[in-house]
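Chemist: Pasting the sequence and the predicted coordinates here, then a few questions.
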Amino acid sequence: MTSRFIARCALTCSIAGAAVGLGAQSPGPQPIPMPPPIAAPRDIPYQGTIRLRVDATDVERRILRVTETIPVRGGEPLTLLYPMWLPGRHSPRARVDHLGGLKIFASGQRVEWTRDVVDVFAFHVRPPAAATALDIQFDFDSPLDTGQGRVVVGQDVLNLQWDQVVLYPAGFFTRQIQVEPEARFPSGWEIATALERSATGAGTVSFKRVTLETLVDSPVFAGRHFKSFELDSKGGTPVRLNVVADRLESIVISPERLESYRAMVQEAYRLFGSTHYDHYDFLVALTDQIGGIGLEHHQSTEITESPNFFMEWDRNINSRATVPHEFTHSWNGKFRRPADLWTPNYNVPMRDSLLWVYEGQTQYWGIVLAARAGLLSLQESLDGLAIVAATYDQLRPGREWKSLQDSTNDPITAQRRPLAWTSWQRSEDYYREGQLIWLDVDTFIRQRSHGQRSLDDFAKSFFGIQNGSFVPVTYQFDDVVRALNEVTPYDWASFLRARLDGHGPGGPLDGITRGGYTLTYSESPTSYFRNVEIDNNTSDFGYSIGLTITPSGQITAATWDSPAFKAGLVRGQQIVSVNGVAYRADRLRTAITDNKSGAHPIELQMRSGDSYRTVVIDYRGGLRYPRLERNPSTPALLDEIFRSRR
């Protein structure tokens, strides 16, 4: 039963009950009954096969044109659904407003549709009595700029996500609906997808029949410039790195770098001890033309990076773990999935209570696999971990009121829209704070078992089951606890709940301390920190005065309750000058250093709109940049965690 069905019944029943109980209505308006509920999905086959055709050649106007044929029983009412809740997004972020030109025909005759007045993702149709199929036409109008949403069609690359170009019948599990897809692309373009082809010709690709569940989980990257690299072709389950790009010169991967990606695949196999696909395709776009994405699928993954990703490897240090992160999701998220995140179709609401496992542990393994494979050096891994640790120790005062557990609701409540005060409101912290919790678990297991067991054992026993199976296996909190107890007996329920529901003070740093390191701060940044600043095109003073600033002086982030916050500085304001001299990042660094004694106040002239004012920041702590310092009295468990298993 869907939540919408429950809500409709509850409201209707409450109205009826009120009328019976009171005998007469009170003065004023009364709510009218909700419309009939949409059919709940059933685990039975849908009759026939849906034929889906997408024309993706209009890259100038960025329009995807769709024709779809759906078998029906004449005279029986039908509700067509546009996918709303999608795996990996954890929220109802689909854009039905981008659907246009919807027309439906039966035997060439127009059939009218009506949109549901409650669920605007549902369209009601009554096929004529003699109809055996409905022929549907509509288009997906890709945003032309980021202000309208994520751009998916560019001049040289495009991202075809099948959920954006399909309507499907209500009342059935998506795994029980068969689809025969076909797509036409611009002449000369190459494509990459996990779908298997049945025919290719004249720019049109026909794919083998699959379930709707598999189709939506198998997007396409297409581009004018394309290269594919084999990462594993020996084990019977081929793994490929497929790259499309705005420019051909962007797709230059050194032999050393390619070997690191191949090593990453083998490190994942050693970690999980299984596969749940018969082939795997990384889909990577090096582009400025379409919107950013990092989205997991069972046999593929969608990733966009900047055109210079491989050419400026050091600058893009913060993105090197993206590929292993999304690869990990094939085991954690796609195969093993939280029970409340699995839904029978794409219009039943998801619940995100276990995202700290789904995303948090994946974040952990993404970094670990990157280190073990050589995509990150040991020092880079430690320096990146220092930033994560310092963020939750210093830059998330919102932990005082909002638990990590509650942050798993953020995909639904915020839907990744910009926040005024991320440090206070929090934003999907189950990723990186979740990473710290799983480091805590890993080092605790290693310490308690005297190095005989680790979180690697949990990964193999929990995610590595049923080798070769494609069928998702769901889990709940108690299953996680039970699996941890099988690795090392302990009161894991209390251990986890204390960290999920707690509020500090300070960040969850036990894993770092137990791992043989101490979080410290120095007056100079690590090279990792500096490269992140370069990549973000900002100067990060978050750990000192509490600001992140662009080269032009615009504030992009201000930390709640920081010295800058207390001086009234907020995101969007402009720093015009520092101590009477035009703003430059190095001048602000000098001013912060010079005021350690308190003798040289940090005076900033600020602009907000047409208004100017001068503020003085009362801060004497000097520059502060996070790093991890080795504690020789404790075994270096972090070094062991990041060590290659090959």
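Modeler: Structure received.

Chemist: tally of neighbours for residue 149?
Modeler: Taking other CB atoms under 10 Å as the neighbour definition, residue 149 ends up with a count of 16. Backbone N, C-alpha and C define where each C-beta goes, glycine included.

Chemist: So it sits against residue 93, correct?
Modeler: No - contact between residue 149 and residue 93 fails when scored by CB atoms under 8 Å: they sit 9.5 Å apart.

Chemist: Low-confidence ranges, this protein, go.
Modeler: When residues are selected by pLDDT under 70, those of the chain lie in 1-24.

Chemist: Apply 50 and report the result again.
Modeler: Counting by pLDDT under 50, the chain has low-confidence residues at 1-22.

Chemist: Would you mind giving the domain segments of it?
Modeler: The chain breaks down into these structural domains: 1-37, 49-240, 341-516+635-642, 527-625 (assignment by automatic domain parsing).

Chemist: Now distance to residue 272 too, for those, in JSON lines please.
Modeler: As requested, the domains of the chain are exported to JSON lines (distance: least, CB to CB, whole Å):
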{"stretch": "domain 1-37", "distance to residue 272": "34"}
{"stretch": "domain 49-240", "distance to residue 272": "12"}
{"stretch": "domain 341-516+635-642", "distance to residue 272": "4"}
{"stretch": "domain 527-625", "distance to residue 272": "28"}
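
Chemist: so where do the strands sit in the stretch 101-250 of the chain?
Modeler: If DSSP state E, counting those that start in this stretch is used as the criterion, the strands of the stretch 101-250 of the chain fall at 109-111, 113-115, 122-125, 133-141, 157-160, 168-169, 178-184, 190-193, 197-201, 204-207, 210-211, 220-223, 225-232, 239-245.

Chemist: Could you provide those in JSON lines, with additional columns for distance to residue 403?
Modeler: Formatted as JSON lines, the entries for those read as follows, by distance: least, CB to CB, whole Å:
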{"stretch": "strand 109-111", "distance to residue 403": "50"}
{"stretch": "strand 113-115", "distance to residue 403": "39"}
{"stretch": "strand 122-125", "distance to residue 403": "35"}
{"stretch": "strand 133-141", "distance to residue 403": "38"}
{"stretch": "strand 157-160", "distance to residue 403": "35"}
{"stretch": "strand 168-169", "distance to residue 403": "37"}
{"stretch": "strand 178-184", "distance to residue 403": "41"}
{"stretch": "strand 190-193", "distance to residue 403": "39"}
{"stretch": "strand 197-201", "distance to residue 403": "47"}
{"stretch": "strand 204-207", "distance to residue 403": "44"}
{"stretch": "strand 210-211", "distance to residue 403": "38"}
{"stretch": "strand 220-223", "distance to residue 403": "38"}
{"stretch": "strand 225-232", "distance to residue 403": "39"}
{"stretch": "strand 239-245", "distance to residue 403": "38"}
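
Chemist: okay if I get those as TSV plus distance to residue 503 and mean neighbour count?
Modeler: Formatted as TSV, these follow (distance: least, CB to CB, whole Å; neighbours: other CB atoms under 10 Å):
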stretch	distance to residue 503	mean neighbour count
strand 109-111	57	13
strand 113-115	44	14
strand 122-125	41	21
strand 133-141	44	20
strand 157-160	40	26
strand 168-169	43	24
strand 178-184	47	20
strand 190-193	45	21
strand 197-201	53	10
strand 204-207	50	18
strand 210-211	44	18
strand 220-223	42	26
strand 225-232	43	18
strand 239-245	42	24
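
Chemist: Kindly tell me how buried residue 254 is, as a neighbour count.
Modeler: Around residue 254 there are 10 other residues, counting by other CB under 10 Å.

Chemist: and what of residue 567?
Modeler: 19.

Chemist: Please list all residues in contact with it.
Modeler: 604, 615, 616, 617, 618 (CB atoms under 8 Å, 6 or more residues apart in numbering).
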